[in-house]
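1. quick one, fold the following:
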Amino acid sequence: MQGQKDLSLENLEKALQLNPALKEQARTDPQLTPLQQEEGFRQVLGR
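-> Numbers count the residues shown, from 1 in each chain. Predicted coordinates for the structure are as follows:
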């Protein structure tokens, strides 16, 4: 399971590099709820 989260966070980071405007959407997207509690998620979003 952790491997999937790591891959998801890597893909999110790549998406945000391509389009930084997606940060706000990532913070509120219900599909990302499982990741939003991860420290890596906060790091990717720059919090």
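2. any regions of the protein where pLDDT drops low?
-> 1, 47 (pLDDT under 70).
3. contact partners of the biggest helix by length in the chain?
-> In the chain, with assignment by DSSP state H, the single longest helix is helix 2-18. Applying Cβ atoms under 8 Å, 6 or more residues apart in numbering, the contact partners of helix 2-18 are Leu22, Lys23, Ala26, Leu32, Pro34, Leu35, Glu38, Gly40, Phe41, Val44, Leu45. Just so you know, the C-beta spots here come from the backbone N, C-alpha and C atoms, and that holds for glycine as well.
4. change it to 10 Å
-> Residues outside helix 2-18 that contact it (Cβ atoms under 10 Å, 6 or more residues apart in numbering): 22-23, 25-26, 29, 32, 34-35, 38-41, 43-46.
5. can you give me the buried ones in it?
-> By neighbour count on 16 or more other Cβ atoms under 10 Å, the buried set for helix 2-18 is Ser8, Leu9, Leu12, Leu16.
6. and if you look at stretch 31-45?
-> Neighbour counts over stretch 31-45 (16+ other Cβ under 10 Å) mark Leu35, Glu38, Phe41, Val44, Leu45 as buried.
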